[in-house]
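S.K.: I would like the atomic coordinates for the input below:
(one chain, ligands or ions: 2)
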Amino acid sequence: MVFKFNQPKPSEITPPAVWKARRHFIQQLTATGVVGLLPLIGSRAGNGCELAQPASLNKTNTLTPLKSVTRYNNYYEFSNNKEVIHLLAQEFNPRPWTLQVDGEVEQPLTLELDELLSRWPTEERIYRMRCVEGWSMVIPWNGFPLCHLLKLVRPTSRAKYVELISVERPSEMIGQRRPVLEWPFRDGLRIDEAMHPLTIIATGLYGAPLPNQNGAPLRLVVPWKYGFKSVKAIVRIRLSEQQPLSSWQQAAPSEYGFYANVNPAVPHPRWSQRRENRIGELQKRRTLPFNGYAEQVASLYSGMDLSQHF
Ligand SMILES: Nc1nc2c(c(=O)[nH]1)N[C@H]1C(S)=C(S)[C@@H](COP(=O)(O)O)O[C@H]1N2
Ligand SMILES: [Mo]
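M.R.: Numbers count the residues shown, from 1 in each chain. Ligands and ions are numbered 1, 2, ... in the order given. The predicted structure is shown next:
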């Protein structure tokens, strides 16, 4: 399957002064193949949540056009038809919004969205996103490392896992009126994965606030895992001693595991994961271990037999 989209005009998304500067900057980034620099410029002394080195992006990775990013989505709370989600999601109201962080923490918190948005500087992260279904995109996210938020609530020594829970609002999310999945949608990470500086809470993309269909107002992005781990519209983050059960594990335990690291060597029971369709391209690409982020994250799994995890 090939999807064709027209390149959006930058002016459709951002004020001209901003996009002109950004376009220049992004061209430089994709030309040098280096991303993730913005957060490092002018930020104060590190607390361990910063990227040690910028995440590298292969030269042949160009940004997926905004139109594809915002009109070809997975969001079962609205529909299982990717191309109508952007229309159905117009009904959703991401404000006001509160995020609850609790469980195995010294300092449980309930934060208003604006409080959260003003707390840490917004960074730009250009990441590849690989869906378990075999397609991928390159998306310029805006957001902050989840690590900042976790440090704020001070995990207890029993906190081994982090569960992220989506909103449940069937009045605005018509897909939730049917038992497609166990609502609310949820997924989880091991705490060291959640603390890794590549793991972010996205609050925007392409320099504008996050569109509803992409998980407004807060969504997880874990670029080395299959896309379903990147929970949208998060209302609660719960730290726990026990490994949480994700919506997809619960729905199909023989097809979806807890780790879900991108791994071309481990096929999905119903299809191969060796290749992927980069949206907008004709030829398939080879899928890379950890979605190309092995250098940054492989050490998290030393001693684990990854062929046993999917
Ligand atoms: N709440 C919720 N989050 C979700 C999903 C979902 O159905 N519901 N789909 C996941 C899947 S399968 C993918 S591939 C990505 C898609 O993100 P995008 O639509 O922003 O590209 O969101 C993930 N997060
Ligand atoms: Mo996905």
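S.K.: wait, Val69 sits on Ile139?
M.R.: Yes: taking contacts as CB atoms under 8 Å, Val69 lies within contact range of Ile139: 5.6 Å. To be clear about C-beta, it is placed using only N, CA and C from the backbone, and glycine gets the same treatment.
S.K.: Overlap of the contact sets of those two?
M.R.: Leu205 (CB atoms under 8 Å, 6 or more residues apart in numbering).
S.K.: mind listing what Lys229 touches?
M.R.: 187, 189, 220, 222, 246, 260.
S.K.: Pull the number of nearby residues for the residue nearest to Thr70 when sequence neighbours are not counted.
M.R.: Excluding its sequence neighbours, the residue lying closest to Thr70 (CB to CB, 6 or more residues apart in numbering) is Pro211, at 5.1 Å. Using other CB atoms under 10 Å, Pro211 has 21 other residues around it.
S.K.: try Leu51
M.R.: Neighbour tally, Leu51, other CB under 10 Å: 19.
S.K.: Tell me the secondary structure of it, please.
M.R.: Per DSSP: H, G, I helix; E, B strand; the rest coil, the secondary structure class of Leu51 is coil.
S.K.: which one is it nearest to, not counting chain neighbours?
M.R.: For Leu51, the spatially nearest residue (CB to CB, 6+ apart) is Pro197, at 4.6 Å.
S.K.: picking that back up, roughly how far apart are the residue nearest to Thr70 and Ala233?
M.R.: Distance from Pro211 to Ala233, counting by CB to CB, to the nearest Å: 12 Å.
S.K.: give the contact list for the residue in the stretch 151-300 of the chain positioned nearest to ligand 2.
M.R.: Residue of the stretch 151-300 of the chain nearest ligand 2, by CB to the ion: Gly227 (3.6 Å). Residues near Gly227 by CB under 8 Å, 6+ apart: 74, 129-132.
S.K.: Show me the contacts of Lys229 that map onto strands.
M.R.: Counted as lying in strands by DSSP state E, out of these, are 187, 189, 220.
S.K.: Could you dump those into CSV and include neighbour count, pLDDT and distance to Arg125?
M.R.: CSV is the format used below for the ones in strands among the contacts of Lys229 (neighbours: other CB atoms under 10 Å; pLDDT from 0 to 100; distance: CB to CB, whole Å):
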residue, neighbour count, pLDDT, distance to Arg125
Asp187, 25, 98, 19
Leu189, 25, 98, 17
Leu220, 24, 99, 13
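S.K.: correct me, but His86 touches Val69?
M.R.: No: taking contacts as CB under 8 Å, His86 lies outside contact range of Val69: 10.0 Å.
S.K.: and those two? which has more neighbours close in?
M.R.: Val69 (24 against 19).
S.K.: How far off centre is the helix or strand where the more buried one lies?
M.R.: According to DSSP states H and E, Val69 maps onto helix 66-71. Centre-to-centre, helix 66-71 and its host chain are 15 Å apart (CA atoms, centre = their mean, to the nearest Å).
S.K.: Can you spell out which helices and strands pack onto it?
M.R.: Counting contacts by 3 or more CB pairs under 8 Å, 6 or more residues apart in numbering; DSSP states H and E, helix 66-71 packs against strand 135-145.
S.K.: does any part of the strand it packs on sit near ligand 2?
M.R.: No: using CB under 5 Å from the ion, strand 135-145 stays clear of ligand 2, with a minimum separation of 8.3 Å.
S.K.: got the residues of this structure near ligand 2?
M.R.: Residues of the chain lying close to ligand 2 by CB under 5 Å from the ion are 74, 131, 227-228.
S.K.: how does it look with 6 Å?
M.R.: For the chain, the residues in contact with ligand 2 (CB under 6 Å from the ion) are 74, 131-133, 227-228.
S.K.: What is the nearest of the ones in strands among the contacts of Lys229 to Ala298?
M.R.: Leu189 (16.1 Å; CB to CB).
S.K.: In space, what's closest to the closest one - neighbours in sequence excluded?
M.R.: Distance criterion CB to CB, 6+ apart; nearest residue to Leu189, sequence neighbours excluded, is Val162 at 5.1 Å.
S.K.: you'd agree that neighbour is in a strand?
M.R.: Yes: counting by three-state DSSP, Val162 falls inside a strand.
S.K.: That one reaches Ile237, doesn't it?
M.R.: Yes: Val162 lies in contact with Ile237 (CB under 8 Å); the separation is 6.3 Å.
S.K.: and the residue found closest to Leu109 once you drop the neighbours it is linked to in the chain, which of the three is it?
M.R.: Leaving aside its sequence neighbours, Leu109 sits nearest to Val101 (CB to CB, 6+ apart; 4.9 Å). Of the three states, Val101 takes strand according to three-state DSSP.
S.K.: wait, doesn't Val101 sit right on Leu149?
M.R.: Yes: the pair formed by Val101 and Leu149 meets the contact definition of CB under 8 Å, at 6.7 Å.
S.K.: which residues are in contact with both of those two?
M.R.: Counting by CB under 8 Å, 6+ apart, the residues touching both Val101 and Leu149 are Ile237.
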